[in-house]
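# the following block contains a protein sequence and its predicted model.
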Amino acid sequence: MSESSNSADRYVLAVITDEGGFYLDVRRHMGSEFRTILSSTEDEIKKNLEEPELHAVLFDLDCIEGSPADGLEVLEEMRRVRGMLMRHLTIAKQSGGDIRLLKPTKFTVQTLKMVGLLNLFSTYDDLGQAFDSLR
């Protein structure tokens, strides 16, 4: 994405998804108020979560839903990611930002509840509400 001269004045939003169409919808909806960064791979997610100007993270939780085997993989990842989420949530809160979860599945909600993280995140079932909460 080409950056305009005032990109430093815009909020930075990392969008974690494996759906290119979803990312384009987010960019279209957010307009020029946010500088969006696509995070599709583990390396991109790690890199983008380290972005110093990061204001918010939007997780497309639909991209992790699948078979029971996928669910077990998610649980394993949650153990590993829990520390990272806590660290980045702390950093986001200290800088006046937040991390929001969009359309968490029942499985995701249960997983976050099991690892003691659910009450730390704002959750939204509607993309518009999630975006509005960032403004």
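That came through, no problem.

# give the other helices and strands that the helix or strand that contains residue 47 contacts.
Residue 47 is part of helix 42-49, with elements assigned from DSSP states H and E. On a contact count with 3 or more CB pairs under 8 Å, 6 or more residues apart in numbering; DSSP states H and E, helix 42-49 meets strand 11-16, strand 34-39, helix 68-94. Using the backbone N, CA and C atoms, a C-beta is placed for each residue, glycine as well.

# rank those by mean pLDDT and give me the bottom one.
Sorting the helices and strands packed on helix 42-49 by mean pLDDT places helix 68-94 lowest, at a mean of 70.

# what's the first helix or strand after that one?
Counting by DSSP H and E, the next helix or strand C-terminal to helix 68-94 is strand 98-102.

# avg pLDDT for that following strand?
85.

# report all helices and strands that it contacts.
For strand 98-102, the packing partners by 3+ CB pairs under 8 Å, 6+ apart come out as strand 54-60, helix 68-94, strand 122-124, helix 127-134.

# in TSV: the ones you listed, plus mean neighbour count and distance to residue 10.
Below are these laid out as TSV (neighbours: other CB atoms under 10 Å; distance: least, CB to CB, whole Å):
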stretch	mean neighbour count	distance to residue 10
strand 54-60	22	9
helix 68-94	13	16
strand 122-124	16	21
helix 127-134	15	12
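
# got TSV for those, with distance to residue 29 too?
As requested, the helices and strands packed on strand 98-102 are exported to TSV (distance: least, CB to CB, whole Å):
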stretch	distance to residue 29
strand 54-60	11
helix 68-94	21
strand 122-124	13
helix 127-134	6
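
# between the ones you listed, which gets nearest to residue 112?
Among those, helix 68-94 comes nearest to residue 112, with 7.7 Å by CB to CB.
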